[in-house]
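Chemist: Below are the sequence and a predicted model; questions follow.
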Protein chains: 2
Amino acid sequence: MSLDKEAAVDLKAYLKDKRALIEQFIEGYFKEPIAPETLHEAMKYSLLAGGKRIRPVLCLTAYETCGGDGGDILPQAAAIELIHTYSLIHDDLPAMDDDDLRRGKPTNHVIYGEAMAILAGDGLLTEAFRMFSASETISPAILLSALRELSSAAGLFGMVAGQAMDIISEGKAHDVKTLQFIHRNKTAALLKASVRIGGILFNAGQASMSPLDAYGEAIGMAFQIVDDILDITATTEELGKPHGSDENKNKMTYPAIFGIERSKAMAKEQIDMALQAADCLGPKAHWFKEIANYLLERSN
Amino acid sequence: MSLDKEAAVDLKAYLKDKRALIEQFIEGYFKEPIAPETLHEAMKYSLLAGGKRIRPVLCLTAYETCGGDGGDILPQAAAIELIHTYSLIHDDLPAMDDDDLRRGKPTNHVIYGEAMAILAGDGLLTEAFRMFSASETISPAILLSALRELSSAAGLFGMVAGQAMDIISEGKAHDVKTLQFIHRNKTAALLKASVRIGGILFNAGQASMSPLDAYGEAIGMAFQIVDDILDITATTEELGKPHGSDENKNKMTYPAIFGIERSKAMAKEQIDMALQAADCLGPKAHWFKEIANYLLERSN
């Protein structure tokens, strides 16, 4: 399925607009000096290195699909991007995936050294919760509930657990159960939480939360399957990181277990489920559908 | 000044009692399995390795000095200990202070490897905010305000900034301004926040918050000066980590700049200030005074 060209142009403008909102917020937030300067620079280096900003965009889209104005939850959406960025810095460390290239630039520890990269990650993670916890529009009880969703998905019931399993299972015999654990936790959990947090912050009822949950789960799983496929099919230039690095590290991936064609079909299945879920959200879920198609068709 | 013997016995029982409350809470909290098991074990290894638990004890003491029952804020007090533990794991990493011994046991990365130690730290930090954000007794608005205090002190306006400056200034010419920045941020900030958070959670007014703030600041600074002195005067056995390691790493410390005798006098000055602040908190600040004296006289 290829994107309708007009929709693609619209979506491109939509994503650009939302990304700009997030990036302006983050730049403004980190404008004030932080001592020591090297720590400040190391954090900004990775935070402002580009990227799709897909997590905060999903959060804003969920909030607006429910009927809110995304401008009201910029600190919360941006905080998710801080957490995503910290996770990239720590994942790239020599002791972890040992990657030198990310988004076409040297990774954080290559520029600032391992100690500063660890601290830049720790600083972003801690600051994310500070950023998330202040709001002029969202009530404290709702904010706390959303913060608990974020800390679950980013930590022991999501990303950290997934990354730990990924490290442990490197070079081991591939099995589907472990592969699914890794993907569900390492990648899908935070993507799903990004969607859910938008709904929680709007105080959406079950009629909206159920499809948001299903949509988030499906695109989260699809996202990582597509990532696994792109690691093989895309060039280093397109990826901004070395082509074929999963295979080189003997990582457990969908193509390694199911082959590329079946993996593509599985990603498509997930996206179809996401589109179905979006249908339950009414006409405002238009952007959710276009984002789902874009995540399937993306080349980086 | 030596401790009155009777008071010392009382204080020992008091600290033991509070420590037990915290440790029981943490053990119960981490009883349920977390996958992968190695991550779970790595976190528990450092969390349950003993230690003074001085930060949660200070938090409970502040809350009770204001008139509350510490049992109501165990999740919040324990969350501070999770953050302290994560910071020890990351500080000990080869890329940071490269320490092999902590509390008389091999450090986390020596047992579980660097990748798992980084993730155990990330997991504890993230879970701390989840743990902190749930309460059956504290109102959401107050909880959020206390959470912001914690994230400031643990992150870019405290511990992470202090550790970054410590790393940057290793081996550089010693200067008092940098030394004070490191101590204030790396150690004092979280100790002070532990005291303040107790007050904030009780919703204490300015008449209590001011002396709590002054007390926390003074014992925070004294704590690190005493740590610096003990690194030279105590044995490896007493410390549970190698004697003289600051000097070996050419760390900026109080004794390195001021000599041991003047450093001792400076610690004593801070403790006197803490005792004065405690006087403003009325008769219930009894334990605060004993803790201040204990922090000056401690041997590890």
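Modeler: That came through, no problem.

Chemist: so the residue nearest the centre of chain A, which of the three states?
Modeler: Central residue of chain A (C-alpha atoms, centre = their mean): residue A:55, 4.4 Å from the mean position. With DSSP: H, G, I helix; E, B strand; the rest coil as the basis, residue A:55 sits in helix.

Chemist: distance between the top helix by length along chain A and the chain's centre?
Modeler: Looking across chain A with DSSP state H, the single longest helix is helix A:206-233. Centroid separation for helix A:206-233 versus its chain: 10 Å, with C-alpha atoms, centre = their mean, to the nearest Å.

Chemist: quick one: buried residues of the next helix or strand after it?
Modeler: Per DSSP states H and E, the first helix or strand lying C-terminal to helix A:206-233 is helix A:236-239. For helix A:236-239, a neighbour-count test (16 or more other C-beta atoms under 10 Å in any protein chain shown) marks residue A:239 as buried. To be clear about C-beta, it is placed using only N, CA and C from the backbone, and glycine gets the same treatment.

Chemist: Now do the residue lying closest to residue A:164 once chain neighbours are set aside, the pLDDT please.
Modeler: In this structure, residue A:164 finds its nearest non-sequential neighbour in residue B:39, 4.1 Å apart by C-beta to C-beta, 6 or more residues apart in numbering or on different chains. pLDDT, residue B:39: 98.

Chemist: which ones are touching residue A:125?
Modeler: A:82-83, A:86, A:154, B:122, B:125-126 (C-beta atoms under 8 Å, 6 or more residues apart in numbering or on different chains).

Chemist: before we move on, what about residue A:270?
Modeler: Neighbouring residues of residue A:270 by C-beta under 8 Å, 6+ apart: A:218-219, A:221-222, A:225.

Chemist: which residues in the stretch 151-300 of chain A form helices?
Modeler: A:159-169, A:176-183, A:189-201, A:206-233, A:236-239, A:245-248, A:254-258, A:260-279, A:286-297 (DSSP state H, counting those that start in this stretch).

Chemist: Buried ones in the last one, by neighbour count?
Modeler: Buried residues in helix A:286-297, counting neighbours by 16+ other C-beta under 10 Å, are found at A:286-296.

Chemist: Pick out the residue of the stretch 151-300 of chain A closest to chain B.
Modeler: For the stretch 151-300 of chain A and chain B, the shortest gap (C-beta to the nearest C-beta) falls at residue A:155, measuring 3.1 Å.

Chemist: ok so, going back, ok, the buried residues of helix A:286-297 vs residue B:137, which is closest?
Modeler: Of all the buried residues of helix A:286-297, residue B:137 sits closest to residue A:288, with 39.0 Å by C-beta to C-beta.

Chemist: roughly how far apart are residue A:236 and residue A:181?
Modeler: With distances taken as C-beta to C-beta, to the nearest Å, residue A:236 is found 29 Å from residue A:181.

Chemist: next one: residue A:240
Modeler: Counting by C-beta to C-beta, the gap from residue A:240 to residue A:181 is 27 Å.

Chemist: neighbour-wise, which of these two wins?
Modeler: Applying other C-beta atoms under 10 Å in any protein chain shown to residue A:240 and residue A:181 shows that residue A:181 carries more neighbours, namely 19 against 16.

Chemist: Spatially, what comes nearest to residue A:299 if we skip its sequence neighbours?
Modeler: residue A:238 (5.4 Å).

Chemist: tell me the contacts of that neighbour?
Modeler: Residues in contact with residue A:238 (C-beta under 8 Å, 6+ apart) are A:230, A:299-300.

Chemist: How about the contacts made by the nearest residue to residue A:106 once chain neighbours are set aside?
Modeler: Spatial nearest neighbour of residue A:106, chain neighbours left out: residue A:100 (6.2 Å); criterion: C-beta to C-beta, 6+ apart. Contacts for residue A:100 (C-beta under 8 Å, 6+ apart) come out as A:92, A:106-107, A:110.

Chemist: So what does residue A:100 look like in phi/psi?
Modeler: With angles defined as degrees, to the nearest 10, residue A:100 sits at phi -100, psi -10.

Chemist: Retrieve the pLDDT associated with it.
Modeler: 95.

Chemist: Quick check: the gap between it and residue B:259.
Modeler: 45 Å.

Chemist: go on, residue A:188?
Modeler: For residue A:188, the distance to residue B:259 equals 57 Å [C-beta to C-beta].

Chemist: what's the answer for residue A:219, then?
Modeler: Using C-beta to C-beta, residue A:219 is found at 62 Å from residue B:259.

Chemist: ditto for residue A:212
Modeler: As for residue A:212, its distance to residue B:259 is 63 Å (criterion: C-beta to C-beta).

Chemist: can you give me the strands in the stretch 51-200 of chain A?
Modeler: If DSSP state E, counting those that start in this stretch is used as the criterion, the strands of the stretch 51-200 of chain A fall at A:101-102, A:105-106.

Chemist: For those strands, give me a markdown table that also has mean neighbour count and distance to residue A:10.
Modeler: Below are the strands of the stretch 51-200 of chain A laid out as a markdown table (neighbours: other C-beta atoms under 10 Å in any protein chain shown; distance: least, C-beta to C-beta, whole Å):
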| stretch | mean neighbour count | distance to residue A:10 |
| --- | --- | --- |
| strand A:101-102 | 19 | 29 |
| strand A:105-106 | 15 | 30 |
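
Chemist: Just send these back as CSV, with distance to residue A:273 too.
Modeler: What follows is the strands of the stretch 51-200 of chain A, written out as CSV (distance: least, C-beta to C-beta, whole Å):
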stretch, distance to residue A:273
strand A:101-102, 30
strand A:105-106, 35
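
Chemist: What residue, apart from its backbone neighbours, is nearest residue A:273 spatially?
Modeler: Nearest one to residue A:273, counting by C-beta to C-beta, 6+ apart, is residue A:218 at 4.2 Å.

Chemist: how many other residues sit next to that neighbour?
Modeler: By other C-beta under 10 Å, the residues close to residue A:218 number 26.

Chemist: which residues touch it?
Modeler: Neighbour list for residue A:218: A:270-271, A:273-274, A:277, A:292 [criterion: C-beta under 8 Å, 6+ apart].
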